[in-house]
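*Asks:* One predicted model, sequence on top.
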Amino acid sequence: MITVEHLRKTFRVRQGGLWRGSGAVKEAVRDVSFAVARGEIVGYLGPNGAGKSTTIKVLTGLLVPDSGQVMVGGLVPWKERRAHVARLGAVFGQRTTLWWDLPVHESLQLLRHIYRVPEARFRQNLRDFTELLDLGPFLNTPARALSLGQRMRADLAAALLHDPELLFLDEPTVGLDVVAKERIREFIQHVNATRDVTVLLTTHDLTDVERLARRVMIIDHGALLYDGKLAQLQARYGSARELVVDFEAVPVDPQVPGLELLSMDGPRVRYGFTGAASAPIARVTAHAPVRDITVKEPEIEATIRRIYEGGLLREGVA
Ligand SMILES: Nc1ncnc2c1ncn2[C@@H]1O[C@H](COP(=O)(O)OP(=O)(O)OP(=O)(O)O)[C@@H](O)[C@H]1O
């Protein structure tokens with residue numbers, strides 16, 4: 001669906017009000033290569049200024065790269081923009097593609113004309129999305145009067161009306177409450193599963209990534225640091241799993257052989273371990289009477305932060 005080879009994009013940087021020569025060049029994307037297959041959901045992560053938007057802008061045909069090959073669905077995005085745009089949809093959490101003063105329904109009608117969606121198909125899609133996203137109560141409301149969650153739902157419908165094969169999602173759940181976030185995620189899962197829509201997701205919300213993407217790509221300073229399974233990222237770079245143990249009484253000696261003692265707070269002791277939990281649990285219960293045990297998984301957030309902070313390994317690229 002997407003192939004990117006040795007993508008490089010630079011910007012001239014304005015300094016002191018003057019355009020400098022070749023010395024003042026910002027390499028937003030340095031040498032990025034990846035491929036995304038049809039039907040995949042890939043999380044594209046990186047700290048602010050890493051190069052995510054620049055990559056997406058090249059993929060949507062908005063920017064022309066300095067060098068490298070990019071093909072999306074067999075087309076070169078910036079060369080065959082019209083045909084390319086007809087096959088992709090995009091949702092930007094921070095801004096809407098709807099007409100501000102028009103009722104949602106009229107915005108969708110306009111998009112139908114712009115994308116030349118056949119009437120029957122439009123009606124079918126509108127029916128499906130209205131049901132799945134519960135658009136009914138605000139189809140006649142202008143975009144400016146929608147709540148953020150309603151606006152995001154309407155934008156998702158707008159992005160998918162013309163049956164795109166590829167969907168770019170940029171912070172699709174930003175600013176929403178937990179329930180609204182879940183609803184958006186379920187919808188994305190649904191269109192991916194039922195319509196085979198390929199999704200490239202940029203987000204700072206790692207729960208989005210955990211729920212939706214099995215694969216993640218991490219970019220920093222314009223270069224890919226990691227491309228692989230989210231689970232493998234955790235296994236490779238995640239901190240240890242944790243056993244939180246509530247002993248019946250404050251243990252005289254909290255040290256348990258083979259386990260790393262992380263902290264102790266009265267009868268509650270936390271241990272670090274790697275691998276399966278059964279052996280550490282057996283050791284702890286043999287050590288002293290136990291009231292309760294829970295296993296805490298390392299948080300993906302912490303793992304990613306470690307990767308950004310440590311600039312961990314270009315070897316990480318799978
Ligand atoms: N039009 C531009 N002119 C000059 N520099 C730019 C331009 N667009 C982006 N940059 C620079 O290129 C680098 C990458 O920016 P980009 O917007 O791709 O990052 P990002 O990963 O999308 O960040 P964020 O998460 O903040 O959106 C940044 O240093 C940015 O300042």
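*Replies:* Noted; the coordinates are in hand.
*Asks:* what element comes up after the helix or strand bottoming out on mean pLDDT in the chain heading to the C-terminus?
*Replies:* Ranked by mean pLDDT, DSSP states H and E, the weakest helix or strand in the chain is strand 18-19, scoring a mean of 56. Using DSSP states H and E, the helix or strand that follows strand 18-19 in sequence is strand 25-36.
*Asks:* could you point out which element follows that next one?
*Replies:* Following strand 25-36 in sequence, per DSSP H and E, is strand 41-45.
*Asks:* Which strands or helices does that following strand pack on?
*Replies:* Helices and strands touching strand 41-45, by 3 or more CB pairs under 8 Å, 6 or more residues apart in numbering; DSSP states H and E, are helix 52-60, strand 198-202, helix 206-212, strand 215-220. The way it works is simple: take the backbone N, C-alpha and C, and place the C-beta from them, glycine included.
*Asks:* Tell me what angle that strand forms with helix 52-60.
*Replies:* Strand 41-45 runs at 140 degrees relative to helix 52-60, counting by axes from the mean of the first three to the mean of the last three CA atoms, to 10 degrees.
*Asks:* How about residues contacting strand 41-45?
*Replies:* Residues outside strand 41-45 that contact it (CB atoms under 8 Å, 6 or more residues apart in numbering) are 36, 52, 55-56, 188, 192, 198-203, 206, 208-209, 212-219, 230, 304.
*Asks:* Buried among those? Need that as a selection in PyMOL.
*Replies:* Listed next is the PyMOL selection for buried residues among the contacts of strand 41-45, using 16 or more other CB atoms under 10 Å:
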select buried, resi 36+52+55+56+188+192+198+199+200+201+202+203+206+208+209+212+213+215+216+217+218+219+230+304
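*Asks:* pretty sure His105 contacts Phe138?
*Replies:* No - in this structure, His105 is not within contact of Phe138 by CB atoms under 8 Å, at 9.4 Å.
*Asks:* Tell me which of these two has more neighbours.
*Replies:* Neighbours per residue, other CB atoms under 10 Å: of His105 and Phe138, the larger number sits with Phe138, 19 against 16.
*Asks:* can you list the weak-confidence ranges in this protein?
*Replies:* 15-23, 310-318 (pLDDT under 70).
*Asks:* for it, what's the longest helix?
*Replies:* The longest helix of the chain (DSSP state H) is helix 178-195.
*Asks:* Could I get the full set of strands for the stretch 51-200 of the chain?
*Replies:* With strands called from DSSP state E, counting those that start in this stretch, the stretch 51-200 of the chain shows them at 67-72, 88-92, 166-170, 198-202.
*Asks:* Looking at those, which is nearest to His113?
*Replies:* strand 88-92 (16.3 Å; CB to CB).
*Asks:* is the ligand contacted by that closest one?
*Replies:* No - Strand 88-92 is not in contact with the ligand by CB under 6 Å from any ligand atom; minimum separation 10.5 Å.
*Asks:* now do stretch 166-183
*Replies:* No - counting by CB under 6 Å from any ligand atom, the ligand is not contacted by stretch 166-183; separation bottoms out at 8.0 Å.
*Asks:* which parts of that stretch are buried?
*Replies:* 166-174, 176, 180-181, 183.
*Asks:* same deal with stretch 282-294?
*Replies:* 283-284, 287-288, 290, 293.
*Asks:* which ones among those residues are found in strands?
*Replies:* Counting by DSSP state E, the buried residues of stretch 282-294 place 290, 293 in strands.
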